[in-house]
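A.B. asks: I would like the atomic coordinates for the input below:
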Amino acid sequence: MSSIIEVKVPDVGNVPEIDIVEVLIQPGDVVAVEQTLAVMETDKATMDLPSSAAGIVKSVHIKPGDKVAEGTLIATVEISDAAPAPAESVP
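C.D. replies: Next comes the predicted model:
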């Protein structure tokens with residue numbers, strides 16, 4: 001079983017909008033937690049936008065040149081709900 005989650009722009013401090021300068025993912029890519037999905041830039045700094053989930057990218061909602069703010073949808077990611085089976089205990 002799997003589920004779809006939304007990956008959104010986290011709190012970026014006191015900046016109302018940030019420019020997306022590079023998108024590093026596309027639908028079908030497998031991503032890990034903390035993997036960089038995109039690069040954002042303000043007048044003062046460039047920062048990576050990390051993934052908050054591991055799974056398969058189903059859709060990407062940003063492109064270079066977009067302006068985003070906290071809470072903007074970046075991508076949807078399909079994650080597996082299946083946990084590995086517990087190891088059998090040996091008496």
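A.B. asks: Could you check how many residues crowd around V23?
C.D. replies: When neighbours are counted by other CB atoms under 10 Å, V23 registers 18. The way it works is simple: take the backbone N, C-alpha and C, and place the C-beta from them, glycine included.
A.B. asks: my guess is it contacts H61, does it?
C.D. replies: No. Under the criterion of CB atoms under 8 Å, V23 makes no contact with H61, lying 9.9 Å away.
A.B. asks: Report the buried residues of whichever strand or helix holds V7.
C.D. replies: Assigned by DSSP states H and E, V7 belongs to strand 2-8. By 16 or more other CB atoms under 10 Å, the buried positions in strand 2-8 come out as 7-8.
A.B. asks: Same check on stretch 53-61?
C.D. replies: 53, 55-57, 60.
A.B. asks: and if you look at stretch 30-39?
C.D. replies: 31, 35, 37-39.
A.B. asks: Go through those and name the one nearest V9.
C.D. replies: Proximity of these to V9 (CB to CB) peaks at A38, which lies at 9.2 Å.
A.B. asks: tell me which element the closest one falls in.
C.D. replies: strand 36-41.
A.B. asks: Ok, V33 next?
C.D. replies: Short version, using DSSP H and E: V33 is in no helix or strand.
A.B. asks: related to what we said a few turns ago, so what strands line up beside the strand holding V7?
C.D. replies: Applying DSSP bridges, strand 2-8 is found paired with strand 73-80 (antiparallel).
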